[in-house]
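Chemist: sequence unavailable; structure follows:
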């Protein structure tokens, strides 16, 4: 007969904390815009510069995000992901011309933005 004697107490686990998934989204990034009117996007539709759309590398198609300028937090636009990109190193968002106009970035071309998640 084998007897095991231990003085070990059962380990207690701390509370399990769940965190919402954000799809590896950076909360700050660099946005540019593009003028490819009629170009077929990754979702199969032609690009229309008058719509408030954006391209992002990893976010699901159809997801909606609110982007605000980092230097002017009250200047914001709500965009829908309809394409993949940008493919220029260091950039995180490619906006349609209408979205770029709402962010007042047509002159600069590239601005720092923050993503607002409610």
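Modeler: Alright, I've got the coordinates. Since the model is a prediction, treat every value here as computed from it, not as a measurement.

Chemist: can you give me the helices in the protein?
Modeler: In the chain, the helices defined using DSSP state H lie at 97-102.

Chemist: where does the prediction get shaky in it?
Modeler: Within the chain, the stretches with pLDDT under 70 are 1-26, 117-118.

Chemist: quick one: the strands in it?
Modeler: Shown for the chain, the strands assigned by DSSP state E span residues 28-33, 53-55, 64-69, 76-83, 93-95, 110-116.

Chemist: and stretch 71-78, which residues are buried?
Modeler: Within stretch 71-78, the residues that qualify as buried by neighbour count (16 or more other CB atoms under 10 Å) are 75, 76, 77. Yep, even glycine has a C-beta here, placed from its N, CA and C like the rest.

Chemist: excluding its backbone neighbours, what's nearest the last one?
Modeler: Put plainly, it is residue 77. Take residue 77 and drop its neighbours on the chain: the residue closest to it by CB to CB, 6 or more residues apart in numbering is residue 102, 4.0 Å away.

Chemist: ok, now residue 59?
Modeler: Nearest residue to residue 59, sequence neighbours excluded (CB to CB, 6+ apart): residue 81, at 4.8 Å.

Chemist: again, but for residue 29
Modeler: In space, residue 29 is closest to residue 92, 3.1 Å off (CB to CB, 6+ apart).

Chemist: residue 57 and residue 99, how far apart?
Modeler: Distance check for residue 57 against residue 99: by CB to CB, to the nearest Å, it reads 17 Å.

Chemist: of these two, who's got more company?
Modeler: Neighbours per residue (other CB atoms under 10 Å) separate residue 57 from residue 99, with residue 99 holding more: 24 against 14.

Chemist: what sits against the more buried one?
Modeler: Contacts for residue 99 (CB atoms under 8 Å, 6 or more residues apart in numbering) come out as 33, 52, 53, 54, 67, 77, 79.

Chemist: with residue 30 instead?
Modeler: With CB under 8 Å, 6+ apart, residue 30 has these contacts: 90, 91, 92, 93, 110, 111, 112, 113.

Chemist: same check, this time on residue 98
Modeler: With contact taken as CB under 8 Å, 6+ apart, residue 98 is in contact with 49, 50, 51, 52.
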